[in-house]
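S.K.: from the sequence below, what's the structure:
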Amino acid sequence: VHIVIDLIHVLEYLWDAAWCLHEAGDPAAEAFVARHARTILGGGAEQVAAALQTAARTAQLKKKRRKGIDDAIGYLRNKAPYLHYDTALERGWPIATGSIEGACRHLVKDRLDITGARWGLAGAEAVLKLRALRANGDFDTYWTWHEEQEFARNHQARYRDHLTLAA
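M.R.: Below you'll find the model as predicted:
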């Protein structure tokens, strides 16, 4: 299993770091975040952590004023194994969870979270599997397979016994 942290979370830390070095509304803050985000997307999370540390030292920020930078540095270093966006992008993996969260809402919440509904695990899982098959466009293939399995389960034994008796 490969885990990639949602890029949006990383950007939140970068913005907090930017506001330690730039005044509110300063367009340079946006350029700061964009530059560091591109570096992280290229696999350079440690490089950004080091650059943030240097920027805080150069700006001679007091401990209280550099909290956003310190938090970003800690986050980038602690989560480094999960920040390989270069690999994720190369392999076509999502790097932000918006589409995943939307799919979960569509598949799960919109069906299971209706007023008065009570679901057991088996029933909920069965409904969600069918909804996923429909959403993926795989329902017709699945249904053909399902009917074949049902036919084999319900009829093959009878036909086998009939053919055995006739021989």
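S.K.: which non-adjacent residue is nearest V127?
M.R.: Closest residue in space to V127, ignoring its immediate chain neighbours: R111 at 6.3 Å, by C-beta to C-beta, 6 or more residues apart in numbering. (Glycine included, C-beta is placed from N, CA and C.)
S.K.: next one: that neighbour from A132, what distance?
M.R.: 11 Å (C-beta to C-beta, to the nearest Å).
S.K.: same thing with C20?
M.R.: 44 Å.
S.K.: lowest-pLDDT helix or strand in this protein?
M.R.: helix 157-166 (a mean of 61; mean pLDDT, DSSP states H and E).
S.K.: what helix or strand is the nearest residue to V33 once chain neighbours are set aside located in?
M.R.: Leaving aside its chain neighbours, V33 sits nearest to L14 (4.7 Å; criterion: C-beta to C-beta, 6+ apart). Assessed by DSSP states H and E, L14 sits inside helix 7-21.
S.K.: packing partners of that helix?
M.R.: If contacts are counted by 3 or more C-beta pairs under 8 Å, 6 or more residues apart in numbering; DSSP states H and E, helix 7-21 sits against helix 27-41, helix 45-58, helix 67-78.
S.K.: how does it look with 10 Å?
M.R.: helix 27-41, helix 45-58, helix 67-78, helix 85-91 (3 or more C-beta pairs under 10 Å, 6 or more residues apart in numbering; DSSP states H and E).
S.K.: make CSV from those helices and add mean neighbour count and mean pLDDT to it.
M.R.: Shown next, in CSV, are the helices and strands packed on helix 7-21 (neighbours: other C-beta atoms under 10 Å; pLDDT from 0 to 100):
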stretch, mean neighbour count, mean pLDDT
helix 27-41, 16, 97
helix 45-58, 17, 97
helix 67-78, 18, 97
helix 85-91, 15, 95
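S.K.: out of these, nearest to R105?
M.R.: helix 85-91 (22.5 Å; C-beta to C-beta).
S.K.: got the contact list for the nearest residue to G43 once chain neighbours are set aside?
M.R.: In this structure, G43 finds its nearest non-sequential neighbour in D86, 3.8 Å apart by C-beta to C-beta, 6+ apart. Neighbour list for D86: 40-44, 95 [criterion: C-beta atoms under 10 Å, 6 or more residues apart in numbering].
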